[in-house]
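Peer 1: can you look at this prediction? I've put the sequence above it.
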Amino acid sequence: MPKQADYRECLELCKITLSQGRYTWRHNRVLQELASIINRAKGETILPKTDVLIFTTEGGAKSWHGRPVRITNQIKCPQDGCDDWDLSADLPDPCIIKETRLRPDIVIHSASMQQLIMVELIVPYENRIEEAHIYKREKYLNLTKELRPSD
């Protein structure tokens, strides 16, 4: 177990890191790379080689399962000629969604398909991955429900 001095040192480093904007810089670099990859993937068939993904922490202490996503089915729909997907990254006010205080990092939308994909990026430290995922999922839960069409 870390000593008391370790916690104080960590808190001091966090203050320095925050004041220098390093968290924002790291987040923005990852966001920039994701937006670039998504833009390049428009119209391409990108299929994962496996049905199940297993994410594991660096030391192998924890792992969890995820499912790969077929990017082609979301970015372009050849069967109906949908070719109007737009990507917006890090907008101050994504008016495509509606007036809200919530601001997803990436919004991918198609007017003709009336579909919208929200991507919220969080770049936590390894020991906060699950906690951060739950926080972001809950943060956008109500907005997601409001945007879904009523059946």
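Peer 2: Now that the structure is in, tell me what you want to look at.

Peer 1: I'd guessed residue 34 sits against residue 119; true?
Peer 2: Yes - applying Cβ atoms under 8 Å as the test, residue 34 and residue 119 come out as touching, 7.0 Å apart. Bear in mind the C-beta positions are built from the backbone N, C-alpha and C, glycine included.

Peer 1: what is in contact with those two at once?
Peer 2: Common contacts of residue 34 and residue 119, defined by Cβ atoms under 8 Å, 6 or more residues apart in numbering, comprise residue 106.

Peer 1: looking at this protein, which helix or strand is least sure?
Peer 2: Ranking every helix and strand in the chain by mean pLDDT, DSSP states H and E puts helix 71-75 at the bottom, with a mean of 45.

Peer 1: point out where the protein drops to low pLDDT.
Peer 2: Along the chain, the parts satisfying pLDDT under 70 run over 1-18, 20-22, 41-58, 62-85, 89-100, 150-151.

Peer 1: tell me who's in contact with residue 119.
Peer 2: By Cβ under 8 Å, 6+ apart, the neighbours of residue 119 are 34, 104-108.

Peer 1: what helix or strand is residue 108 on?
Peer 2: Here residue 108 sits within strand 106-110, counting by DSSP states H and E.

Peer 1: please tell me how far residue 36 sits from residue 101.
Peer 2: Residue 36 sits 27 Å away from residue 101, taking Cβ to Cβ, to the nearest Å as the criterion.

Peer 1: neighbour count for the two, which is higher?
Peer 2: Shown here are residue 36 and residue 101; by other Cβ atoms under 10 Å, residue 36 has more neighbours (12 against 6).

Peer 1: now do the SS call for the closest residue to residue 108 other than its chain neighbours.
Peer 2: Spatial nearest neighbour of residue 108, chain neighbours left out: residue 117 (4.2 Å); criterion: Cβ to Cβ, 6 or more residues apart in numbering. At residue 117 the chain is in strand, as set by DSSP: H, G, I helix; E, B strand; the rest coil.

Peer 1: isn't residue 117 up against residue 104?
Peer 2: No - Residue 117 is beyond contact range of residue 104, at 9.2 Å (criterion: Cβ under 8 Å).

Peer 1: neighbour count: those two, which is higher?
Peer 2: Neighbour count, other Cβ under 10 Å: between residue 117 and residue 104, residue 104 has more, with 23 against 16.
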